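**Q** model the following, please.
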Amino acid sequence: MNNTNHDSRKTVEDCRVDMVQLVQPEDANPLGVAFGGKVVQWMDIAAAIAATRHARRPVVTASIDHLSFLAPINIGDFVNIRAAVNYVGRTSMEVGVSIESENPITGVKNRTTRGYLTFVALDDQGKPMPIPPVIPETEQEKERYEEAKRRRELKLQWRQEELI
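**A** Have a look, this model is predicted:
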């Protein structure tokens with residue numbers, strides 16, 4: 001579906017982002033492993049692009065709700081970053097991001113990082129504004145939608161209990 005007309009139906013696929021980075025020496029610590037902060041920066045950029053594609057409005061990062069570093073990423077590795085909108089509330093949306101490293105010589109890939117980021121769409125005055133719902137189509141997208149919905153409900157409950 002082409003959403004250049006800004007209609008309100010947005011599928012997960014409409015907004016998916018696939019990016020590739022190359023880990024340079026300046027991206028890494030003395031052990032030759034990518035800085036966690038650099039990896040988070042790449043995740044935030046990919047997630048922001050997905051969120052902007054969905055909302056077709058400026059977006060801001062509201063929170064990083066979960067982040068797991070599963071394996072190191074080395075200098076010279078390709079970093080394959082995938083981001084997709086999992087769930088949309090009224091003005092905010094959860095974007096899931098998954099990263100795998102790829103050895104450019106052997107082609108071996110390792111899942112290295114995953115996380116969930118929440119973004120808020122902004123109106124022309126910089127205030128939160130309503131955004132269209134996301135339409136999950138595949139079974140995997142529907143599962144991610146339901147999981148994200150549960151995470152949002154827990155987050156709202158924690159906020160009420162002043163845990164966050």
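**Q** going by C-alpha atoms from here, please, whenever you check contacts or count neighbours.
**A** Noted.
**Q** show residues contacting the strand ranked longest in the chain.
**A** Scanning the chain for the strand with the most residues, using DSSP state E, yields strand 109-121. Around strand 109-121, the neighbours that count as contacts under CA atoms under 8 Å, 6 or more residues apart in numbering are 44, 47-48, 51-52, 55, 57-73, 91-103, 128-131.
**Q** what lines up beside that strand in the sheet?
**A** strand 59-69 (antiparallel), strand 92-102 (antiparallel) (DSSP bridges).
**Q** comparing those, which stretch has the densest surroundings?
**A** strand 92-102 (a mean of 25; mean count of other CA atoms under 10 Å).
**Q** using PDB, write out the CA atom coordinates for that one.
**A** Backbone C-alpha positions of strand 92-102 (Å, rounded to 0.1, in the frame of the first residue of the first chain) are rendered in PDB as follows:
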ATOM      1  CA  SER A  92       2.500   7.600  20.900                       C
ATOM      2  CA  MET A  93       3.900   4.500  19.200                       C
ATOM      3  CA  GLU A  94       6.200   1.600  20.200                       C
ATOM      4  CA  VAL A  95       8.900   0.800  17.700                       C
ATOM      5  CA  GLY A  96      10.800  -2.500  17.900                       C
ATOM      6  CA  VAL A  97      14.400  -2.500  16.800                       C
ATOM      7  CA  SER A  98      16.500  -5.600  16.200                       C
ATOM      8  CA  ILE A  99      20.200  -5.600  15.300                       C
ATOM      9  CA  GLU A 100      22.500  -8.300  13.900                       C
ATOM     10  CA  SER A 101      26.100  -8.000  13.200                       C
ATOM     11  CA  GLU A 102      27.500  -9.500  10.000                       C
END
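**Q** correct me, but residue 134 touches residue 90?
**A** No: proximity of residue 134 to residue 90 does not meet the contact threshold set by CA atoms under 8 Å, at 11.0 Å.
**Q** and stretch 71-84, what's buried?
**A** 72-84 (16 or more other CA atoms under 10 Å).
**Q** reformat those as TSV; add secondary structure and distance to residue 11.
**A** What follows is these, written out as TSV (DSSP: H, G, I helix; E, B strand; the rest coil; distance: CA to CA, whole Å):
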residue	secondary structure	distance to residue 11
72	coil	32
73	coil	31
74	strand	34
75	coil	35
76	coil	34
77	coil	31
78	strand	28
79	strand	25
80	strand	22
81	strand	19
82	strand	16
83	strand	13
84	strand	10
